[in-house]
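Chemist: Okay, here's the prediction I keep looking at, along with the sequence it came from:
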Amino acid sequence: MVEIERIQHQGDGRPTDEQTADCVDSVGRKPPRLFAWVASLVTILLLIASQSMERGDNAHLRGIGVVMLALATVFIFVPFFLLQKHGQTQDGETYMQTRAVVDRGLYAITRHPQYLGYMLLVSGFALLSQHWLAVLLSVLGITFFYVQALREERYCLAQFGQSYAQYAGQVPRFNVVLGTVRLLRGSKQ
């Protein structure tokens, strides 16, 4: 939220040119992807490494890991459909070419459900493995996905202006519990 509050908008609700210098706009520049690629590489390394490492003996941690992997699939795949359906994409465009802020479904609970899903994925594999290298790779992956989310928020502010700033003020970045509580409180009013 601090990052969003730091970027102030002009009277028309759009960021200044200086503020969008490293952001993508709606006329063709693409969103930042560097940290997503690095995080994906770390995730692949974790998946490969976890298959060759000895596994820990703590059944409770493995059970939590399985639950996290199951939740990860929901948080990773459901947003594809939500963005395509509610993001006002044009025919032939991908889910990533949205023209509107999506604030329904998982996006009403967390601003970055897919990155949260990937964080759950790497955490789940670390808990299944219970090896120090898997934990280290998991922490690296989570860190890179988090940084990517921060960079994408700057992109979304440049792309959508005030509507994204309002959305970001209502929906937490990753706190699913707070997001669910806020959603339930809002639906009661």
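Modeler: Structure's in. What do you need?
Chemist: what sits against the nearest residue to His131 once chain neighbours are set aside?
Modeler: Excluding the flanking residues, the one nearest His131 by C-beta to C-beta, 6 or more residues apart in numbering is Met53, at 4.3 Å. For the C-beta atoms, the positions are set from N, CA and C on the backbone; glycine is no exception. Contacts for Met53 (C-beta atoms under 8 Å, 6 or more residues apart in numbering) come out as Ser129, His131, Leu133, Ala134.
Chemist: And the helices in the chain, which stretches?
Modeler: With DSSP state H, the ranges of helices along the chain come out as 2-6, 34-52, 59-86, 113-129, 132-160, 162-170, 176-188.
Chemist: List the contacts of the residue located most distally from the centre of the chain.
Modeler: The C-alpha centroid of the chain is most remote from Asp57, which lies 31.3 Å away (C-alpha atoms, centre = their mean). For Asp57, the contacting residues are Gln130, by C-beta under 8 Å, 6+ apart.
Chemist: Low-confidence bits of this protein, can you list those?
Modeler: By pLDDT under 70, the weakly predicted segments of the chain are 1-30, 86-99, 187-189.
Chemist: again, 50 this time
Modeler: Applying pLDDT under 50 to the chain flags residues 1-27.
Chemist: my read: Arg62 touches Ser129, true?
Modeler: No: counting by C-beta atoms under 8 Å, Arg62 stays clear of Ser129, with 9.1 Å between them.
Chemist: any common contacting residues for these two?
Modeler: Contacts common to Arg62 and Ser129, judged by C-beta under 8 Å, 6+ apart, are Arg55, Gly56.
Chemist: Those two: which has the busier surroundings?
Modeler: Ser129 (25 against 17; other C-beta atoms under 10 Å).
Chemist: ok, that one touching Arg55?
Modeler: Yes: Ser129 is within contact range of Arg55, at 5.9 Å (criterion: C-beta under 8 Å).
Chemist: separation between the nearest residue to Leu69 once chain neighbours are set aside and Pro113?
Modeler: Closest residue to Leu69 apart from its sequence neighbours, by C-beta to C-beta, 6+ apart: Gly124 at 3.9 Å. As judged by C-beta to C-beta, to the nearest Å, Gly124 and Pro113 stand 16 Å apart.
Chemist: picking up where we left off before, of the contacts of Met53, select the buried ones using a PyMOL command.
Modeler: Only the buried entries of the contacts of Met53 go into this PyMOL selection, using 16 or more other C-beta atoms under 10 Å:
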select buried, resi 129+131+134
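Chemist: Out of the contacts of Met53, give me the two with the largest separation.
Modeler: Distance extremes for the contacts of Met53: the farthest pair is Ser129 and Leu133 at 8.1 Å, using C-beta to C-beta.
Chemist: who touches both of these two?
Modeler: The contact sets of Ser129 and Leu133 overlap at Ala49, Met53 (C-beta under 8 Å, 6+ apart).
Chemist: Report how many residues lie close to the closest residue to Ile109 other than its chain neighbours.
Modeler: Setting aside the residues directly before and after it, Ile109 is nearest to Gly179 in space (C-beta to C-beta, 6+ apart), at 3.7 Å. By other C-beta under 10 Å, 21 other residues sit near Gly179.
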